[in-house]
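> Return a 3D structure for these sequence lines:
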Amino acid sequence: MRPVPDRVRPGQESVWDYPRPPAIESVDVRLAIDLGGRRIVDTRDVVRVLETSHPPVYYVPASAFVPGALVPAAGASFCEFKGAARYFDVVGGERTAARAAWTYPDPSPGYEDLRGRVAVYAGPMDECSVDGEVVTPQPGSFYGGWITSGVAGPFKGAPGSMGW
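Residues are numbered from 1 along each chain as shown. Purely as a prediction, here's the structure:
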């Protein structure tokens, strides 16, 4: 059952207006990721994936990470829209966040712009930001969306959202 969307304030977009299947779009934002006291990503080369009920998932080129920050990890998953995902451990300073990033090496048709790009779970990082705003991780341990003041929920992954 679809929940009642939160009120959209000026400057916000509702995740309930995002499409399914998801849309992919380039955005003009500065994205930064810190781990282990180090800045491991600082780039404006950003695309985001928008899917009904989810905050945006941001993808940046693998080359935007400092050398050694991405270490291939075991395991894979499959998205009905984007295809087969592979995972990375993320390394920054003296910290390693296991399976905290993913990529689609051979994305499904319509999602080719994700090839060579990596998304990161915000929760295990020291800090992730979009245009200087520190993000909140999407609820739940499976989802990788980043919540900013620019999006209104409620968001998939919160308690009680399993059937959305």
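> Beta-bridge partners for the most centrally placed residue in the chain, please?
Taking Cα atoms, centre = their mean, the centroid of the chain lies closest to Val57, which sits 2.9 Å from it. As for beta bridges, Val57 partners with Val49 under DSSP bridges.
> got it, and the one 4 residues further on?
In this entry, Pro61 is beta-bridged to Arg117, by DSSP bridges.
> hang on, the earlier thing: the residue nearest to the centre of the chain contacts Phe142, doesn't it?
No - judged on Cβ atoms under 8 Å, Val57 makes no contact with Phe142 at a distance of 11.9 Å. (Glycine included, C-beta is placed from N, CA and C.)
> Residue ranges in this structure under the pLDDT threshold?
Applying pLDDT under 70 to the chain flags no residue at all.
> check contacts around the closest residue to Lys82 other than its chain neighbours.
The shortest distance from Lys82 to any non-neighbouring residue, by Cβ to Cβ, 6 or more residues apart in numbering, is to Tyr111 (4.8 Å). By Cβ atoms under 8 Å, 6 or more residues apart in numbering, Tyr111 lies in contact with Ile24, Val49, Phe81, Lys82, Gly83, Tyr104.
> Could I have the buried ones of those residues as PyMOL selection syntax?
For the buried members of those, the matching PyMOL selection, counting by 16 or more other Cβ atoms under 10 Å, is:
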select buried, resi 24+49+82+104
